[in-house]
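**Student:** this one's sequence-less:
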């Protein structure tokens, strides 16, 4: 059950190009969390679970202090795709 302290966030995959230092020009994609579904990525059915598993396997690095856990929920989107809603549990 969501509490007033919890944060509702959404997965977004962002392309990134390094423009300084020894990695200049390196390109990669970054999975991040945003507070607005309008900016979230819509995932294909065959990839959504993989993105959830990736974040779930790394969430321990983001738990600490006030943050106690992360929970994931798939939300339907247009074209059979899915958004991933993430509840960041805060105490």
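**Tutor:** Yep, it's here. Just so we're clear, the structure is a prediction, and the values are computed from it rather than from any experiment.
**Student:** CA only for contacts and neighbour counts going forward, please
**Tutor:** Fine.
**Student:** the chain: helices as residue ranges?
**Tutor:** Here the chain has its helices, by DSSP state H, at 48-58.
**Student:** who's sitting farthest from the centroid in it?
**Tutor:** residue 22 (27.7 Å; Cα atoms, centre = their mean).
**Student:** quick one, strands of the chain?
**Tutor:** Using DSSP state E, the strands of the chain run over 7-17, 27-34, 67-76, 82-90.
**Student:** buried deepest among those strands, which one?
**Tutor:** When you average the neighbours per residue for each of the strands of the chain (mean count of other Cα atoms under 10 Å), strand 82-90 leads with a mean of 21.
**Student:** re the thing from before, and the strands of the chain as TSV, adding distance to residue 54 and mean pLDDT?
**Tutor:** Listed next are the strands of the chain as TSV, based on distance: least, Cα to Cα, whole Å; pLDDT from 0 to 100:
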stretch	distance to residue 54	mean pLDDT
strand 7-17	12	97
strand 27-34	9	96
strand 67-76	12	97
strand 82-90	13	97
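**Student:** so which of these is nearest residue 44?
**Tutor:** strand 82-90 (6.5 Å; Cα to Cα).
**Student:** tell me what the closest one is packed against?
**Tutor:** Judged by 3 or more Cα pairs under 8 Å, 6 or more residues apart in numbering; DSSP states H and E, strand 82-90 is in contact with strand 7-17, helix 48-58, strand 67-76.
**Student:** find the centremost residue of the chain, please.
**Tutor:** Closest residue to the average C-alpha location of the chain: residue 11 at 2.9 Å, with Cα atoms, centre = their mean.
**Student:** that older thread, nearest to residue 33, out of the helices and strands packed on strand 82-90?
**Tutor:** Closest among the helices and strands packed on strand 82-90, once you apply Cα to Cα, is strand 7-17, at 4.8 Å.
**Student:** and residue 48, how many residues sit next to it?
**Tutor:** 16 (other Cα atoms under 10 Å).
**Student:** next up, the contacts around residue 18.
**Tutor:** 24-27 (Cα atoms under 8 Å, 6 or more residues apart in numbering).
**Student:** in the sheet, who's paired with the residue nearest to residue 63 when sequence neighbours are not counted?
**Tutor:** Spatial nearest neighbour of residue 63, chain neighbours left out: residue 69 (6.1 Å); criterion: Cα to Cα, 6 or more residues apart in numbering. Note on residue 69: beta-bridge partners by DSSP bridges are residue 89.
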